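Colleague: here is my input, please return the structure:
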Amino acid sequence: MRMSLLALLMLMAVAAGCAASRPADAVALSLYTRNLSEEAFACTVVGSHSPPVLGETGDAEPRSYGCGWVGSDWQLIIAQGSEPPEPADDFAAMTSGEDYGHPQQLALWIEVGANGEVTIGEGVPHWWRDEEQHCG
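Modeller: Numbering: from 1, shown residues only. The predicted model follows:
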């Protein structure tokens, strides 16, 4: 699995977050991504947690950003480009904890289609073939 420096930094941050005990009012969020388009897309999870979770959708090779703790007020923002989007940027797709009823644990997947259309789904995607990512 190929990884960029940004993806490696993201994995290190998530690993550090999962090693710590669960913060109060936190959501255990796992992210899975793949990008079937020729364009770059990046994502940010913002909210009361700090620092924000940053990542990119990569390419057709599925990737996971493991599992990390985010505040219950989290928002996932996906935008075109290789730089992590800011909340004020134009975005291709977004979702938040409100869309899922504020669960304590959640797995989401992001898929960019060949035409650049972004889809966000819940659960472990059918195209994920490795071990599922879980927080403690």
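Colleague: worst-scoring helix or strand of this structure, pLDDT-wise?
Modeller: One helix or strand of the chain scores below all others by mean pLDDT, DSSP states H and E: helix 5-19, with a mean of 44.
Colleague: direction included, what does the next helix or strand after that helix pair against?
Modeller: Remark: after helix 5-19, the chain's next helix or strand is strand 26-35, criterion DSSP states H and E. Sheet pairing here is set by DSSP bridges, and for strand 26-35 it gives strand 63-71 (antiparallel), strand 105-112 (parallel).
Colleague: would JSON lines of those with distance to Val118, mean pLDDT and mean neighbour count be doable?
Modeller: C-beta here means a position set from N, CA and C on the backbone, and glycine is covered the same way. Formatted as JSON lines, the strands paired with strand 26-35 follow (distance: least, CB to CB, whole Å; pLDDT from 0 to 100; neighbours: other CB atoms under 10 Å):
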{"stretch": "strand 63-71", "distance to Val118": "15", "mean pLDDT": "90", "mean neighbour count": "22"}
{"stretch": "strand 105-112", "distance to Val118": "5", "mean pLDDT": "96", "mean neighbour count": "21"}
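Colleague: tell me which residue is most central in the protein.
Modeller: Leu31 (4.0 Å; CA atoms, centre = their mean).
Colleague: and the closest residue to that residue other than its chain neighbours, how far is that from Leu54?
Modeller: Leaving aside its chain neighbours, Leu31 sits nearest to Tyr65 (4.2 Å; criterion: CB to CB, 6 or more residues apart in numbering). Using CB to CB, to the nearest Å, Tyr65 is found at 9 Å from Leu54.
Colleague: what's the closest of the strands paired with strand 26-35 to Ala93?
Modeller: strand 105-112 (7.6 Å; CB to CB).
Colleague: next SSE downstream of the closest one?
Modeller: Counting by DSSP H and E, the next helix or strand C-terminal to strand 105-112 is strand 118-122.
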